[in-house]
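Engineer: Let's see this in three dimensions:
(chains A and B, ligands or ions: 2)
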Amino acid sequence: MSMLKVEDLCIKVHDRKTTDTLVQDVDFEMNKGDIMGIVGESGSGKTMTALAIAGLLSRHDMEKSGHIIFEGINLLDIKRNVLRKIQGNEISMVFQEPLNSLNPLKKVGWQVEESLRIHTSMDKNEMRDRAIEALRDVELQNPEAVYESYPHELSGGMRQRAMIAAAMIIQPKLLICDEPTTALDVTIQAQIVELLKRINRERQTAILFISHDLSLVNTLCERVIVMQHGLVKESGLCDDIFNNPQDEYTKKLIAAIPKSPFGI
Amino acid sequence: MTGNNKVKLIIGLVLTGIVFLMLLFGIFYTPYDPMAMDASVSKSISLKHIMGCDQFGRDVFSRVLVGVKETMIVAGAVVLIGVFFGTVVGTLTGYFGGWIDEILMRLNDAVLAFPSVLLALLVIGLYGGGRNTLILALGIAFIPSFARIIRSEVLKIKNLDYIQSVRLFGAGHLRIIVVHILPNLKTVMLSSILIGFNNAVLAEAGMSYLGMGVAPPNPSLGRMLSEAQAYIFTNPMTAVFPGITIVIMILGFSLLSAATEKG
Ligand SMILES: Nc1ncnc2c1ncn2[C@@H]1O[C@H](COP(=O)(O)OP(=O)(O)O)[C@@H](O)[C@H]1O
Ligand SMILES: [Mg+2]
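Structural biologist: Numbers count the residues shown, from 1 in each chain, chains lettered A, B, ... in the order given. Ligands and ions are numbered 1, 2, ... in the order given. Purely as a prediction, here's the structure:
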């Protein structure tokens, strides 16, 4: 049995009169330790898919259908309190905007500890030790100082690392990264991708990596699904899709990748 | 903070400083008993009565000090009621949306549609005048505008990634609201409290001027203006000083709120 199985996922928004289909018939599976990418232009429904898997789409005007089966449980029809347990313990997410993903008024360390505070009965010192360890583990220099700092005192890359630390502190089985590097410059991007690779290798954490950048996905993921207008256009092994794209849209995406001057 | 804001802040602090000084005196010490009448005394300004005396021979300066206290008590309580319930309503509607939002905001709009003076008149008509009724009436009238401000801010914050993120960590609604959203409202709250306080001062003065506020013989700035108008030509100082005091209050708090907004 696969760890995560998404079947016929549809997400619709009901406005007063019209109904918009944001995501339509999305299917894919992930196993423990898998690292998979979702690529597509902006507005193609990547974030919506991710939020649905994370159980963060609970808006009144949204209708979800299909199945999101995580370890045998359909996340779309369980009670909120069960969902919260699973969320806190098994699924974590890193968001796109490092500026908005941390609370500006709270210290970084306090925020990294938040899921421990909710799910465990650790005392202050234990939590602090765990948080500093988590900050060190995402290769932040001087984790003690980062622990005591406020988000605005950190660079975008550092904030994103801190977010990964906060997401990883409870050792989730699935880490969803929604364009975690889009707001960062290229060298930092590469470092974050390396970090995710290492986390995946060492902890066997499955990673669902969302990006609009096919070449970035290719450096990190084994498999990829290509989305456009809420539909899955193509899915399969990265190498296959990169070398032998079937869908017109995928071909366009590949053609749009800037060639490096050394032809690599 | 820009230079312009700094000037506003300084002048605002000086003016509100004067007001708070008057408040302290109003509470702890007045040169004369503000209620004591003395028909024999001269009404004009003198060293003994620096703001003169009113038609009953009561010391205007003492009455202004106590009036500041009364006005501030009413305005403070009104803002407290408005902010407290406004925050509750605004947070619930903004955070949960759906039918809670529909119902509460409809109610809110209904209250908002009444001019606040009219609403206050209604409550006072039902329950009789006096300070407490005035506080209740104005307090209710003040809830909707606070609720709107808080609601729109909550709407903004609740969709930010860090709220999504703690939601995913498994935080419940109560924890998200109390620990993660409310503290981030404090800038908005501060500036709306200052503006609200101003409106409350004006509303109190207005209501008391209409004879529906603080009961005589207790002075409030609005009452003093109202009583003074019959003697505006024979003894203008009894109107001038409470008037100036209201202006100082309003100006001080406006400048402070202007300086704290988007500093
Ligand atoms: N809150 C919302 N309500 C209605 N439609 C939305 C909302 N958020 C996004 N959308 C729409 O859903 C579609 C998919 O958006 P999204 O999943 O964010 O795309 P991506 O992450 O791939 O850029 C877009 O067409 C967008 O306009
Ligand atoms: Mg997106």
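Engineer: got the contact list for the closest residue to residue B:116 other than its chain neighbours?
Structural biologist: Closest residue to residue B:116 in three dimensions, ignoring its sequence neighbours and counting by C-beta to C-beta, 6 or more residues apart in numbering or on different chains: residue B:141, at 3.6 Å. From N, CA and C alone the C-beta is placed, and that goes for glycine too. Shown in contact with residue B:141 (C-beta atoms under 8 Å, 6 or more residues apart in numbering or on different chains): B:111, B:114, B:116, B:119-120, B:203.
Engineer: and the stretch 1-150 of chain A, which residues reach ligand 1?
Structural biologist: A:13, A:22, A:40, A:42-48 (C-beta under 6 Å from any ligand atom).
Engineer: Make a PyMOL selection of the buried ones in those residues.
Structural biologist: The following PyMOL line selects those of those that are buried, judged by 16 or more other C-beta atoms under 10 Å in any protein chain shown:
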select buried, chain A and resi 22+40+44+45+46+47+48
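Engineer: before we move on, the earlier item: the residue nearest to residue B:116 sits in which helix or strand?
Structural biologist: helix B:131-158 (DSSP states H and E).
Engineer: Can you list phi and psi of residue A:43 for me?
Structural biologist: phi 90, psi 10 (degrees, to the nearest 10).
Engineer: Need the nearest residue in space to it, chain neighbours excluded.
Structural biologist: residue A:229 (8.0 Å).
Engineer: One more: residue A:152?
Structural biologist: residue A:104 (6.4 Å).
Engineer: Tell me the secondary structure at the closest residue to chain A within the stretch 151-263 of chain B.
Structural biologist: Proximity of the stretch 151-263 of chain B to chain A (C-beta to the nearest C-beta) peaks at residue B:170, 2.8 Å away. Here residue B:170 is recorded as coil under DSSP: H, G, I helix; E, B strand; the rest coil.
Engineer: check which helix or strand covers the residue nearest to it when sequence neighbours are not counted.
Structural biologist: Excluding its sequence neighbours, the residue lying closest to residue B:170 (C-beta to C-beta, 6+ apart) is residue A:88, at 2.8 Å. Here residue A:88, judged by DSSP H and E, is contained in helix A:80-90.
Engineer: what's downstream of that helix, the next helix or strand?
Structural biologist: That would be, after helix A:80-90 and using DSSP H and E, strand A:91-94.
Engineer: so what secondary structure elements neighbour the helix or strand immediately after that following strand in the chain?
Structural biologist: As assigned by DSSP H and E, the chain's next helix or strand after strand A:91-94 is helix A:108-112. Helix A:108-112 is packed against helix A:124-137, helix A:143-147, helix A:156-168, with contacts defined by 3 or more C-beta pairs under 8 Å, 6 or more residues apart in numbering or on different chains; DSSP states H and E.
Engineer: So which residues make contact with helix A:108-112?
Structural biologist: The contact list for helix A:108-112, computed with C-beta under 8 Å, 6+ apart, reads A:102-103, A:128, A:131-132, A:134-135, A:146-151, A:154, A:162, A:165-166, A:169, B:162.
Engineer: Beyond that helix, next helix or strand please.
Structural biologist: helix A:114-119.
Engineer: What is that following helix packed up against?
Structural biologist: Counting contacts by 3+ C-beta pairs under 8 Å, 6+ apart, helix A:114-119 is packed against helix A:80-90, helix A:124-137.
Engineer: what comes up buried for the last one?
Structural biologist: Just to be clear, that refers to helix A:124-137. For helix A:124-137, a neighbour-count test (16+ other C-beta under 10 Å) marks A:127-128, A:130-132, A:134-137 as buried.
Engineer: cool, the first one as well?
Structural biologist: By neighbour count on 16+ other C-beta under 10 Å, the buried set for helix A:80-90 is A:83-84, A:86-90.
Engineer: Tell me the helices and strands packed up against it.
Structural biologist: helix A:114-119, helix B:161-168.
Engineer: distance between it and the chain's centre?
Structural biologist: In this view, helix A:80-90 has its centroid 17 Å away from the chain centroid, taken as C-alpha atoms, centre = their mean, to the nearest Å.
Engineer: longest helix in chain A, by residue count?
Structural biologist: For chain A, the helix that runs over the most residues, judged by DSSP state H, is helix A:186-203.
Engineer: hmm, who's touching it?
Structural biologist: So helix A:186-203 is in contact with A:33, A:35, A:138-139, A:156-157, A:160-161, A:164, A:168, A:171, A:175, A:177, A:180-181, A:184, A:205-207, A:209, A:216, A:219-220, going by C-beta under 8 Å, 6+ apart.
Engineer: show me where pLDDT drops low in chain A?
Structural biologist: Low-confidence segments of chain A (pLDDT under 70): A:59-61, A:259-264.
Engineer: how is it carved up into domains?
Structural biologist: Chain A is divided into the following domains under automatic domain parsing: A:1-90+A:173-264, A:98-171.
Engineer: among those domains, which is the most enclosed?
Structural biologist: Ranked by mean neighbour count, those are led by domain A:98-171 with a mean of 19 (mean count of other C-beta atoms under 10 Å in any protein chain shown).
Engineer: and the residue of the stretch 151-263 of chain B closest to chain A, what is it in contact with?
Structural biologist: Counting by C-beta under 8 Å, 6+ apart, residue B:170 touches A:84-85, A:87-89, A:115, A:118-119.
Engineer: Swap in 10 Å and give it another go.
Structural biologist: A:81, A:83-89, A:114-115, A:117-119, A:170 (C-beta atoms under 10 Å, 6 or more residues apart in numbering or on different chains).
Engineer: Out of those, which two are the most distant from each other?
Structural biologist: A:83 and A:117 (18.9 Å; C-beta to C-beta).
Engineer: Any part of the helix or strand encompassing residue A:234 near ligand 1?
Structural biologist: According to DSSP H and E, residue A:234 maps onto strand A:231-237. No. Contact of strand A:231-237 with ligand 1 (C-beta under 6 Å from any ligand atom) is absent, the minimum separation being 11.4 Å.
Engineer: I'd like the next helix or strand past that strand.
Structural biologist: Defined by DSSP H and E, the subsequent element after strand A:231-237 is helix A:238-243.
Engineer: now residue B:36: how far from chain A?
Structural biologist: Distance of residue B:36 to chain A, given as C-beta to the nearest C-beta, to the nearest Å: 52 Å.
Engineer: Shouldn't that residue be within a helix?
Structural biologist: No. Residue B:36: not assigned to a helix; according to three-state DSSP it is coil.
Engineer: quick one: contacts for the residue nearest to it when sequence neighbours are not counted?
Structural biologist: Leaving out its chain neighbours, the residue that sits closest to residue B:36 by C-beta to C-beta, 6+ apart is residue B:58, at 6.5 Å. Residue B:58 makes contact with B:32-38, B:41, B:49, B:217, B:219, B:224, B:238 under the criterion C-beta under 10 Å, 6+ apart.
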